[in-house]
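Visitor: sequence first, then the predicted structure, then my questions.
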Amino acid sequence: MSVTRDQVDQICTGLTGTTLAHPPELVSWKVGGKMFACFGGDGQMNGVSVKCQDVATAEMLIETTAAIRAPYFHKSWVRLQFSDTDIDEVTHRLTASYDIIRKSLPKKLRDTLPGRQGG
């Protein structure tokens, strides 16, 4: 049970309207200019941080050891450790984070983005 950075990148590439940010920004995936997946503000690339629907969901994932607290992020973000996460879980969490961020964009901006594949 583990995933790689390459697998995360493949999943994020498959989500419409996404871009990969490089330094000097945080290495992260964005939609509409807003981050939905980040490879670490602490300089480590051992996992990916994603946004959850709410703080309660993030706390549940942490309590069940499916994720850890995402350093430097709001409490609604968690870090999925590459070594402790399977491909189905990371796919689900990345897609959910993408959907949360995309839905939070102003309608005018959302309307300029390509349609969401698969949903």
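Guide: Yep, that arrived.

Visitor: how much space separates the residue lying farthest from the centre of the chain from Gly32?
Guide: Distance from the C-alpha centroid of the chain, by CA atoms, centre = their mean, peaks at Lys108 (22.7 Å). Distance of Lys108 to Gly32, computed by CB to CB, to the nearest Å: 10 Å. To be clear about C-beta, it is placed using only N, CA and C from the backbone, and glycine gets the same treatment.

Visitor: nearest the middle, which residue of the protein would you pick?
Guide: Centre-nearest of the chain using CA atoms, centre = their mean is Ala37, 2.8 Å out.

Visitor: how deep is the nearest residue to Trp77 once chain neighbours are set aside tucked in, by neighbour count?
Guide: Leaving aside its chain neighbours, Trp77 sits nearest to Ala70 (4.0 Å; criterion: CB to CB, 6 or more residues apart in numbering). Other residues near Ala70 come to 25 when the count uses other CB atoms under 10 Å.

Visitor: can you give me the first-to-last residue distance of stretch 19-29?
Guide: Using CA to CA, to the nearest Å, one end of stretch 19-29 lies 6 Å from the other.

Visitor: quick one: that stretch to chain centroid distance?
Guide: Counting by CA atoms, centre = their mean, to the nearest Å, stretch 19-29 is centred 12 Å from the centre of its parent chain.

Visitor: list the contacts of the lowest-mean-pLDDT helix or strand in the chain.
Guide: Ranked by mean pLDDT, DSSP states H and E, the helix or strand of the chain with the weakest confidence is helix 107-110, at a mean of 90. The set of residues external to helix 107-110 that reach it, using CB atoms under 8 Å, 6 or more residues apart in numbering, is Gly32, Arg102, Lys103.

Visitor: do the same with stretch 29-41
Guide: Against stretch 29-41 from outside (CB under 8 Å, 6+ apart): 5, 8-9, 12, 15, 17-21, 26-28, 45-51, 70-73, 79, 94, 97-98, 100-102, 104-105, 109-110, 113.

Visitor: now, these that are in strands?
Guide: Mapping the contacts of stretch 29-41 onto strands (DSSP state E) picks out Thr18, Thr19, Leu20, Ala21, Ser28, Gly47, Val48, Ser49, Val50, Lys51, Arg79.
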